[in-house]
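Undergrad: Just to be clear, the model below is a prediction. Sequence and coordinates:
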Amino acid sequence: MTPIMLELLWRSLWETVLMTSASGIISLLAGLPLGLLLLATARGGIAEHLWINRVLGAIINGFRSVPFIILLVALIPITRLIVGTSLGTWAAIVPLAIAATPYYARIAEVSLREVDRGLVDAVRAMGGNRWTIIREVLVPEALPGIVAGFTVTLVTLIGASAMAGAIGAGGLGDLAIRYGYQRFETSVMIAVVAVLIVLVCGMQWLGDLLVRRLDHR
């Protein structure tokens with residue numbers, strides 16, 4: 001690869017990391033509360049409210065059922081409203097975050113459901129309120145699963161960010177399409193694939209390492 005291609009590769013890598021990390025943080029900050037709300041309002045939950053649970057579940061399932069490439073195009077007006085453009089790295093963060101949030105909310109809900117019900121009942125018996133149960137029992141006990149789910153979400157976002165390159169979002173996907181595919185530069189395509197593999201494996205390794213340190217069972 002030429003020095004110019006190497007420079008483009010490094011810039012594209014940075015754009016991919018930026019898209020993945022920014023949208024990942026947003027999905028964590030929004031998805032975890034949604035997962036807690038789904039669990040709390042479910043039948044037998046600490047704040048049972050089946051109507052809210054069903055409506056919220058339907059909305060989340062609706063977003064999860066839409067393929068990302070369709071969601072990417074459908075959200076162009078919202079993206080323009082938020083960042084002023086539908087092209088570029090920052091524009092891609094909007095649909096990435098919106099797609100990842102319901103995905104992570106369901107993963108967080110599953111992890112939270114695995115918390116021993118006896119611990120929740122014990123805190124209730126001692127007079128603990130809902131916030132105490134969430135803060136002292138649900139989140140700490142489910143933390144390994146929450147982190148593992150967030151790792152899976154980040155890996156999924158890496159693939160989605162590459163797909164976003166098809167509509168000019170930048171990043172490794174854009175580089176692979178514009179140079180590797182359209183200009184038939186096989187070396188660029190191979191380099192992008194290799195970098196994506198290393199990025200995904202590194203992300204998964206770090207996530208697994210953190211989960212092992214958090215899991216004291």
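TA: The structure has been received and is ready for your questions. Source: prediction; values computed, not measured. Residues are numbered from 1 along each chain as shown.

Undergrad: where in this protein is pLDDT low?
TA: For the chain, the stretches with pLDDT under 70 are 1, 180-182, 216-217.

Undergrad: where do the helices sit along it?
TA: 3-41, 50-65, 68-74, 76-83, 89-113, 117-125, 130-133, 139-164, 171-175, 186-214 (DSSP state H).

Undergrad: Report all helices and strands that the shortest one contacts.
TA: With contacts defined as 3 or more C-beta pairs under 8 Å, 6 or more residues apart in numbering; DSSP states H and E, the packing partners of helix 130-133 are helix 117-125. Every residue, glycine included, has its C-beta placed from N, CA and C.

Undergrad: Buried residues in the helix it packs on, which are they?
TA: For helix 117-125, burial by neighbour count (16 or more other C-beta atoms under 10 Å) applies to Val120, Val123.

Undergrad: who's in contact with that helix?
TA: If you take C-beta atoms under 8 Å, 6 or more residues apart in numbering as the criterion, helix 117-125 is touched by Ile46, Thr132, Ile133, Glu136, Val137, Leu138, Glu141.

Undergrad: Please name the spatially closest residue to Gly145 (chain neighbours excluded).
TA: Among residues not flanking Gly145 along the chain, Ser111 sits closest, at 3.0 Å (C-beta to C-beta, 6 or more residues apart in numbering).

Undergrad: Which residue comes closest to Gly165 once chain neighbours are left out?
TA: Gly173 (2.6 Å).

Undergrad: tell me the contacts of that neighbour?
TA: Contacts for Gly173 (C-beta under 8 Å, 6+ apart) come out as Thr16, Ser161, Ala162, Met163, Ala164, Gly165, Ala166, Val192.

Undergrad: Just the buried residues out of those, in PyMOL syntax.
TA: PyMOL command restricting these to the buried ones, with burial defined by 16+ other C-beta under 10 Å:
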select buried, resi 16+161+162+163+164+165+192
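
Undergrad: Let me know the closest of the contacts of Gly173 to Pro33.
TA: Lowest distance from Pro33 to these (C-beta to C-beta) belongs to Ser161, with 23.8 Å.

Undergrad: For Ile69, see how far away that closest one is.
TA: Separation of Ser161 from Ile69 (C-beta to C-beta, to the nearest Å) stands at 12 Å.

Undergrad: again, but for Leu38
TA: When Leu38 is compared with Ile69 (using C-beta to C-beta), they lie 27 Å apart.

Undergrad: more crowded one of these two?
TA: Neighbours were counted for Leu38 and for Ile69 using other C-beta atoms under 10 Å; Leu38 has more, 22 against 14.
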